[in-house]
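Q: predicted model, plus sequence, below.
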2 protein chains.
Amino acid sequence: MTDPRDGIAATIDQIAFNGEGLVPAIAQQHNTGEVLMLAWMNRAAIEETLRTGQVCYWSRSRLKLWRKGESSGQIQRLVELRIDCDGDTLLLLVDQTGVACHTGRRNCFFRAVRNGTIETIAEVEVDPSKLYGA
Amino acid sequence: MTDPRDGIAATIDQIAFNGEGLVPAIAQQHNTGEVLMLAWMNRAAIEETLRTGQVCYWSRSRLKLWRKGESSGQIQRLVELRIDCDGDTLLLLVDQTGVACHTGRRNCFFRAVRNGTIETIAEVEVDPSKLYGA
């Protein structure tokens, strides 16, 4: 049986972290292809994500590990972690509970440039005050 | 008729560029959902992309505009540009000609963490020497 720590060490070895020790991670819903969001991970976030199977990012605003869904309940279960050709971007195939975006929309990319204006193309599905408290 | 420059100005206004004047852009094949790659754009790259409909990035290694496919012919036609909730990531829906990855694979995310090892999960479709010359 393969030790899961082997996968963690092998993964970390392949990653080209930036000068801040971070790497961008794209979260994609595994069974629909929907791109949900982009966030950042450091070594500890990747280790925790691979160890627990629950996606954990690094919050650049709060400067701490960000266990996605810890406040809102909108967690992401990791289905598969992929590494790009030059090791400086991750693609996380996930199963998103509820909505990924803090605005209450399913994904964060709800503004589209169409006909010379920016259109909002997705509705709020969950009131943010219900996600984070009033 | 709407002036396309309005869309360019409106888009630039919404983007939170990083300290280097860059924003990460995820390229996704518009009709399959395949995540092809992540690269970076500056203001000029976004302007050119929206103006021409051909995706142009900023190359952080070569420090110049990178008209995707200019050497390889593997261009990306822009279908739609989307901006995320906090304006610091772009999602480009594109129509990829040929392969997106410089390794000759369709997309850059061909390494997956599975069973404690990193597996290569996509084949080379085009010999890179044919893309870039010997």
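A: Structure's in. What do you need?
Q: quick check: which ranges of chain A have low pLDDT?
A: Judged against pLDDT under 70, the low-scoring parts of chain A cover residues A:1-2, A:134.
Q: any idea which residue sits dead centre in chain A?
A: Nearest to the mean C-alpha position of chain A, counting by Cα atoms, centre = their mean, stands A:Ala27 at 4.4 Å.
Q: please, which helix or strand holds that one?
A: Mapping A:Ala27 onto the secondary structure by DSSP states H and E places it in strand A:23-29.
Q: contacts for the helix or strand following that strand?
A: Beyond strand A:23-29 on the C-terminal side, the first helix or strand identified by DSSP H and E is strand A:35-41. Contacting residues not belonging to strand A:35-41 are listed as A:22-29, A:49, A:56-58, A:60, A:66, A:68, A:76, A:90, A:94, A:96, A:100-101, A:106-109, B:24, B:26, B:28, B:33, B:35, B:84, B:89, B:91 [Cβ atoms under 8 Å, 6 or more residues apart in numbering or on different chains]. No exception for glycine: its C-beta is placed from N, CA and C like everyone else's.
Q: and if you look at stretch A:104-113?
A: Here stretch A:104-113 makes contact (Cβ under 8 Å, 6+ apart) with A:34-38, A:96, A:99-101, A:103, A:118-128, A:130-131, B:7, B:10-11, B:14, B:50, B:80-86, B:89, B:91.
Q: what comes up buried for stretch A:27-46?
A: For stretch A:27-46, burial by neighbour count (16 or more other Cβ atoms under 10 Å in any protein chain shown) applies to A:27-30, A:34-43, A:45-46.
Q: about what we covered before: for the strand holding A:Ala27, which helices and strands make contact with it?
A: Using 3 or more Cβ pairs under 8 Å, 6 or more residues apart in numbering or on different chains; DSSP states H and E as the contact test, the elements touching strand A:23-29 are strand A:35-41, strand A:90-96, strand B:35-41.
Q: in helices, which of the contacts of stretch A:104-113 fall?
A: Residues from the contacts of stretch A:104-113 lying in helices, with DSSP state H as the criterion: A:128, A:130-131, B:7, B:10-11, B:14, B:50.
Q: and stretch A:58-76, what's buried?
A: A:58, A:66-69, A:72, A:74-76.
Q: what do you get for stretch A:122-134?
A: If you call a residue buried by 16+ other Cβ under 10 Å, then stretch A:122-134 has these buried ones: A:122, A:126, A:128, A:131.
Q: run through who's touching that stretch.
A: Contacts with stretch A:122-134, where a contact means Cβ under 8 Å, 6+ apart, come from A:71-74, A:98-99, A:102-107, A:110.
Q: return the member of those residues nearest to B:Asp3.
A: The closest of these to B:Asp3 turns out to be A:Phe110 (Cβ to Cβ; 24.1 Å).
Q: so the residue lying closest to that closest one once chain neighbours are set aside versus B:Lys64, what's the distance?
A: On the basis of Cβ to Cβ, 6 or more residues apart in numbering or on different chains, the spatially nearest residue to A:Phe110 that is not a chain neighbour turns out to be A:Ala122, at 3.9 Å. Remark: distance between A:Ala122 and B:Lys64 (Cβ to Cβ, to the nearest Å) = 35 Å.
Q: over to A:Leu90?
A: Distance, A:Leu90 to B:Lys64, using Cβ to Cβ: 26 Å.
Q: ok, now A:Glu70?
A: Counting by Cβ to Cβ, the gap from A:Glu70 to B:Lys64 is 42 Å.
Q: what's the closest non-adjacent residue to whichever residue of chain A sits closest to chain B?
A: Using Cβ to the nearest Cβ, A:Gly33 is the residue of chain A that sits closest to chain B, at 2.3 Å. Counting by Cβ to Cβ, 6+ apart, A:Gly33 lies nearest to B:Gly33, which is 2.3 Å off, once chain neighbours are set aside.
Q: and A:Tyr57, how many residues sit next to it?
A: A:Tyr57 is surrounded by 24 other residues when neighbours are defined as other Cβ atoms under 10 Å in any protein chain shown.
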